[in-house]
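# coordinates for the following, if possible.
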Amino acid sequence: MLTASPAWAQSDFWFSDELVPYRTVVDAYRSGDYDVAVGEVLSLEPDVVHALIDRVRDPDRRLIGTDARPALAEQLFRSAAMLHLDAAEQVWLRGRERAANEQIEVAVRWIEQAARDPEPSESFRRRWYRSVALLTFERGGWQGGVAFAEVAIERLVDDVALLTMSAWFYEGLALAPVILDGTGEGQLRGLQERKQARLLSAVRRAGAAWQRSSDEVEAGLRLARARMLLGQGDSVRALLEGIAVRGDLGVEEAYLCRLLLAELLDEAGETAEAERRLWEAIDLLPDGQSARVALAWSLDRGGAREQAAAVLDPFLAASATSGLPDPWVDFRLGVGAGPELRADLRREVEP
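Purely as a prediction, here's the structure:
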């Protein structure tokens, strides 16, 4: 039975007698007994855990340690945050979205006990918020990702990865199919305005990320893509050309940059230059379907049908499992990094 008593400092909180039942559950989780721990924590009302957190004084200057080597109290705060996150995923799988959100609210309060000022780069807390944003996207779609990313960015306004992720969510939400319940011009106009507003939010988030770090190439690509979707491609041509000549790009980034440049050039009527960029993309990633299809379409449109067919020939001999996934698919839909990131964080809270 968990009962309330006077407030505790962070460093003392985990060792109070009243917290023994909850601490036992957290310790089981840290030891790898995930299913039992999640089951136990789901048997508690979220309000009971909120009441416990309410009584932690913040901050406690005796909380020592670093992000890489945290004090025991902080290790336990992190573990509790991961435990409730796993609980959220469990109930989400059962279709209980509201219960999942309640568990995430508890988890956020636990992870905030481990906040630092300034927050270290790539800290546990930063990576935790990114993992939750990915989970909310996995379970709640683009809208779920957008909603939690806003919560996370309120707490970590300078996190370039979160800003970039938010831009991706907003773009996906803008382009998501909609079901019309009427065909009036008024409804269509409202949908168009909503789409534009979401793309502008993508521009704002990607622009903030790119401004903070030009090393975050994905942010630059997402900024360019969102502006292109808004019909503002001319404003990002120099940006894409600048990215294309960088020597520090990964193959996927270089490929995507050339795809976007080719689209921009084609729209400007510079067909030959667009095709040159697509050939560059194919040289970078011969298995890349998007570049080959775009190039074949351009050649066919120009009357070079035999050359267009030759560009597509490699697909005829390829098996369904050969080659690498096209980076364009990952750029649009995500790389599915959430489960791996959460598994890494889970391992980090082990004793």
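# spatially nearest residue to L333, not counting backbone neighbours?
G172 (7.9 Å; CB to CB, 6 or more residues apart in numbering). C-betas here are computed from N, CA, C, even on glycine.
# pull the CA atoms of the strand or helix carrying that neighbour into CSV?
G172 belongs to helix 160-175 when elements are defined using DSSP states H and E. C-alpha atoms of helix 160-175 as CSV (Å, rounded to 0.1, in the frame of the first residue of the first chain):
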residue,chain,number,x,y,z
VAL,A,160,18.3,19.3,-33.4
ALA,A,161,17.2,15.6,-33.8
LEU,A,162,13.8,16.3,-32.2
LEU,A,163,13.3,19.4,-34.3
THR,A,164,14.1,17.4,-37.4
MET,A,165,11.8,14.6,-36.4
SER,A,166,9.0,17.1,-35.8
ALA,A,167,9.5,18.4,-39.3
TRP,A,168,9.2,14.9,-40.7
PHE,A,169,6.0,14.3,-38.7
TYR,A,170,4.4,17.6,-39.9
GLU,A,171,5.3,16.8,-43.5
GLY,A,172,3.8,13.3,-43.2
LEU,A,173,0.7,14.7,-41.6
ALA,A,174,0.3,17.3,-44.3
LEU,A,175,0.5,14.6,-47.0
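# identify the residues contacting the residue nearest to L333.
Going by CB atoms under 8 Å, 6 or more residues apart in numbering, G172 touches 142, 145, 332-333.
# repeat that for V108.
By CB under 8 Å, 6+ apart, V108 lies in contact with 81, 132, 151.
# do you know the pLDDT at it?
With respect to pLDDT, V108 has a value of 97.
# wasn't it part of a helix?
Yes. Looking at V108 with DSSP: H, G, I helix; E, B strand; the rest coil, it is inside a helix.
# which parts of the stretch 251-351 of the chain are helices?
Secondary structure of the stretch 251-351 of the chain (DSSP state H, counting those that start in this stretch): helices located at 251-267, 271-284, 289-301, 305-317, 327-333, 338-348.
# most tightly packed of the ones you listed?
Most buried of those, by mean neighbour count (mean count of other CB atoms under 10 Å): helix 251-267, with a mean of 22.
# is P21 in a helix, a strand, or coil?
State at P21, reduced to three classes by three-state DSSP: helix.
# outline the domain layout of the chain.
Domain assignment for the chain by automatic domain parsing gives 1-115, 248-329.
# mean pLDDT lowest where, among those domains?
Of all these, domain 1-115 has the smallest average pLDDT, which comes to a mean of 85.
# would you mark the buried spots in the helix or strand harbouring A87?
Element membership for A87 (DSSP H and E) is helix 72-93. Burial within helix 72-93, assessed by neighbour count using 16 or more other CB atoms under 10 Å, is assigned to 73-92.
# what angle do it and helix 338-348 make?
In terms of direction (axes from the mean of the first three to the mean of the last three CA atoms, to 10 degrees), helix 72-93 departs from helix 338-348 by 150 degrees.
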